[in-house]
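Trainee: model the following, please.
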Amino acid sequence: MQYPRSSPPPLELFGPWHSNTGEGNCVEIARGPEGWVALRDSKDEGHGPALRYTEGEWAAFLAGLDSGKLR
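Mentor: Numbering: from 1, shown residues only. Got it, this is the predicted structure:
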């Protein structure tokens with residue numbers, strides 16, 4: 001199934017969730033279908049909302065981090 005930006009895939013299709021620390025003060029990231037990526041606050045323990053990004057949006061975000069524009 002194709003998921004347009006206006007209708008992202010449901011969070012049940014994402015996983016497993018990964019974080020960079022065990023301190024609880026970070027974001028968790030999960031991959032979904034068709035290259036989608038989801039981010040959520042680790043303090044919400046999976047109960048809060050998650051932001052979902054297309055593969056292109058995620059690539060642009062990572063490129064911004066690599067270039068130093070987002071620091």
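
Trainee: for residue 64, which three-state class applies?
Mentor: Of the three states, residue 64 takes helix under DSSP: H, G, I helix; E, B strand; the rest coil.

Trainee: can you map out the helices along the protein?
Mentor: Ranges of helices in the chain, per DSSP state H, are 55-67.

Trainee: tell me the centre residue of the chain?
Mentor: For the chain, residue 38 is the residue whose C-alpha lies nearest the centre (Cα atoms, centre = their mean; 2.4 Å).

Trainee: that one: what's it in contact with?
Mentor: The neighbours of residue 38, taking Cβ atoms under 8 Å, 6 or more residues apart in numbering as the test, are 11, 14, 29, 30, 32, 50, 51, 52, 53. All C-beta atoms are positioned from the backbone trio N, CA, C, and that covers glycine.

Trainee: just the buried members of the residues you listed?
Mentor: Buried members of these, scored by 16 or more other Cβ atoms under 10 Å, are 11, 14, 29, 30, 32, 50, 52, 53.

Trainee: now, among those residues, which is nearest to residue 63?
Mentor: residue 53 (13.0 Å; Cβ to Cβ).

Trainee: wait, what's in contact with the closest one?
Mentor: 36, 37, 38, 39, 61.

Trainee: ok, what's across the strand from the third one?
Mentor: The reference is to residue 38. residue 30, residue 52 (DSSP bridges).

Trainee: pLDDT weak spots in the chain?
Mentor: By pLDDT under 70, the low-scoring segments of the chain are 21-25, 45-46.

Trainee: try it again with 90
Mentor: Along the chain, segments meeting pLDDT under 90 span 1, 17-28, 41-49, 69-71.

Trainee: residues making contact with stretch 4-15?
Mentor: Stretch 4-15 has contacts (Cβ under 8 Å, 6+ apart) with 1, 3, 30, 31, 32, 33, 34, 36, 38, 50, 52, 54.

Trainee: start to end distance for that stretch?
Mentor: End-to-end distance of stretch 4-15 (Cα to Cα, to the nearest Å): 19 Å.

Trainee: try stretch 48-56
Mentor: End-to-end for stretch 48-56, by Cα to Cα: 24 Å.
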